[in-house]
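Undergrad: Sequence plus predicted model, see below.
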Amino acid sequence: MITEVFTANQLKKEAPVFGQLSFDDHEQVVFCQDKDTGLKAIIGVHNTILGPALGGTRMYDYATEWDALNDVLRLSRGMTYKAAITGLNLGGGKAVIIGDPKKIKTPELMRRFGKFVHTLGGKYYTAEDVGMETTDMDVVREVTPYVTGISESKGGAGNPSPVTAYGVYMGMKAATKFTYGDEALKGKRILVQGIGHVGEELVRLTAEEGAHVIISDINEERLAEVSKKYGVDIYRGNDLYAETADIYAPCALGATVNDGTIDKLNVKIIAGAANNQLADENIHGPILQKKGIVYAPDFLINAGGIINVYAEIEGYGRDQIMAKTENIFDTTLDILNRAKAANITTNAAANAIAEDRIATRKKENQ
Ligand code: NAD
């Protein structure tokens, strides 16, 4: 039976759990079920060498349970790299709850989920992700202290999006310095795709610096509002990916750099907030490198959000959050220079630094 499902999902390894394509030496994977509330969740703890595993809970109506398992494995691994490259003493973890939040999310279900998080005794800290609200984290907080991203009124660090945008802005300026020899964005043509929580703030920061910002979104109302507020242009062409610009900032969906778009890209830099911008980093990373497009790794420059929630665990304030986020400038520049010197992709250079940091700590801990 398991073999059949496995084959249907075109998974190449043979063992059903440790053999999942996304399995990457994860320390612990916890399956949580509660019939009374309808809860079906999976918590993935990828690595805790640097500290407790932190990562949000995603609630999504997955087509199959295998999809949910693969998602949590992939996302939790990504969190390990994000925390490591950002210099935080955190490991990587993530949780998924299977189901449509509009249909099955209740305070009882969230409390039950929180109790499962609690059983891990602080090895995993949860937070908000797709399908979750800050108020859901407040409910989880009723049953466990191992949750971040709760309301400011309840002692949380509040909305992470402006901090994320500031980090992306820092990464963008570093990539601009690397490419043009000067970090100034004044006069640079920047395409911002997605003007939601992060995108809008990025538009503000770049427009205030005098960049020529062009915005794109599927939401016409937002386009009109943001364009008016910051005096920026709305993209009205047929194919954003073929537009000539200095910088493309993906701030909507992941995987927009893919087989269908990569040949068209006519920009010097890619620097945005979306997670997993490259559909396949092993394929699209080298193509970008060959085309001479400077890619600022997403998991590095969008780390402002995790810096913000980390503050809740460490108990530090706004100034330290912003100072740590500002560091993204130096780290990005360092990675771009290393990648150039070693003739490797920027993603590979970032991964190597994260892996080194974990390996060093592992040795120290022995
Ligand atoms: P959001 O939902 O507030 O905004 C997304 C925007 O993208 C919306 O305005 C939506 O209409 C638009 N959009 C959706 N599909 C589109 C398309 N095909 N073309 C153009 N626009 C489209 O999300 P957000 O919080 O601003 O996050 C943006 C991205 O950054 C997401 O990929 C998210 O995972 C990532 N991210 C966010 C944070 C954070 O702190 N919020 C942290 C790290 C990474």
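TA: Nice, thanks for sending it over. Worth saying up front: this structure is predicted, and the values here are computed from it rather than measured.
Undergrad: Find the nearest non-adjacent residue to Asp239, please.
TA: Closest residue to Asp239 apart from its sequence neighbours, by CB to CB, 6 or more residues apart in numbering: Lys264 at 6.9 Å. Yep, even glycine has a C-beta here, placed from its N, CA and C like the rest.
Undergrad: That neighbour: what's it in contact with?
TA: Asp239, Tyr241, Ala242 (CB atoms under 8 Å, 6 or more residues apart in numbering).
Undergrad: Give me the distance between Thr126 and Met79.
TA: In this structure, Thr126 and Met79 are 11 Å apart, going by CB to CB, to the nearest Å.
Undergrad: Give me every residue in the stretch 201-350 of the chain lying close to the ligand.
TA: 216-219, 222, 251-254, 273-275, 302, 305 (CB under 6 Å from any ligand atom).
Undergrad: which residues touch the helix or strand containing Lys103?
TA: Element membership for Lys103, per DSSP states H and E: helix 101-104. With contacts defined as CB under 8 Å, 6+ apart, helix 101-104 is touched by Gly38, Met59, Tyr60, Gly131, Met132.
Undergrad: What are the buried residues along it?
TA: Pro101, Ile104 (16 or more other CB atoms under 10 Å).
Undergrad: downstream neighbour of it in the secondary structure list?
TA: Per DSSP H and E, the helix or strand that comes after helix 101-104 is helix 107-119.
Undergrad: Okay, buried residues for that next one please.
TA: Leu109, Met110, Arg111, Arg112, Phe113, Gly114, Phe116, Val117, His118.
Undergrad: Stretch 195-207 now?
TA: Ile195, His197, Val198, Gly199, Glu200, Glu201, Leu202, Val203, Arg204, Leu205, Thr206, Ala207.
Undergrad: Could you dump the residues you listed into a markdown table and include secondary structure and pLDDT?
TA: Listed next are these as a markdown table, based on DSSP: H, G, I helix; E, B strand; the rest coil; pLDDT from 0 to 100:
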| residue | secondary structure | pLDDT |
| --- | --- | --- |
| Ile195 | coil | 97 |
| His197 | helix | 90 |
| Val198 | helix | 94 |
| Gly199 | helix | 97 |
| Glu200 | helix | 97 |
| Glu201 | helix | 98 |
| Leu202 | helix | 98 |
| Val203 | helix | 98 |
| Arg204 | helix | 98 |
| Leu205 | helix | 98 |
| Thr206 | helix | 98 |
| Ala207 | helix | 98 |
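Undergrad: Identify the farthest-apart pair in these.
TA: His197 and Ala207 (16.7 Å; CB to CB).
Undergrad: Let me see the contact set for the residue in the chain that the ligand sits nearest to.
TA: At 1.7 Å from the ligand, Gly196 is the closest residue in the chain, using CB to the nearest ligand atom. For Gly196, the contacting residues are Asp217, Arg222, Cys251, Ala252, by CB under 8 Å, 6+ apart.
Undergrad: what about it, distance to Asp71?
TA: On the measure of CB to CB, Gly196 and Asp71 end up 21 Å apart.
Undergrad: next one: Ile335
TA: Applying CB to CB, the value for Ile335 to Asp71 is 27 Å.
Undergrad: Settle it for me: which of those two has more neighbours?
TA: Ile335 (27 against 19; other CB atoms under 10 Å).
Undergrad: rewinding a little: just the buried ones among the contacts of Lys264, please.
TA: Tyr241.
Undergrad: Export the contacts of Lys264 to CSV and append columns for pLDDT and secondary structure.
TA: Below are those laid out as CSV (pLDDT from 0 to 100; DSSP: H, G, I helix; E, B strand; the rest coil):
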residue, pLDDT, secondary structure
Asp239, 97, coil
Tyr241, 98, helix
Ala242, 98, helix
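Undergrad: Going by distance to Gly187, which of the contacts of Lys264 wins?
TA: Ala242 (21.8 Å).
Undergrad: and the helix holding Lys103, average pLDDT?
TA: What helix 101-104 shows for mean pLDDT is 96.
Undergrad: ok, now stretch 325-335?
TA: On average, stretch 325-335 scores 97.
Undergrad: now do stretch 117-135
TA: On average, stretch 117-135 scores 94.
Undergrad: Quick check: phi and psi on the residue of the chain closest to the ligand?
TA: For Gly196, the backbone dihedrals are phi -80, psi -140 (criterion: degrees, to the nearest 10).
Undergrad: Make CSV from the contacts of Gly196 and add neighbour count to it.
TA: Output for the contacts of Gly196, formatted as CSV (neighbours: other CB atoms under 10 Å):
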residue, neighbour count
Asp217, 20
Arg222, 16
Cys251, 27
Ala252, 19
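Undergrad: pLDDT added to those, as CSV?
TA: Formatted as CSV, the contacts of Gly196 follow (pLDDT from 0 to 100):
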residue, pLDDT
Asp217, 96
Arg222, 96
Cys251, 97
Ala252, 94
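Undergrad: On the pLDDT front, check Gly254 for me.
TA: Gly254 is given a pLDDT of 85.
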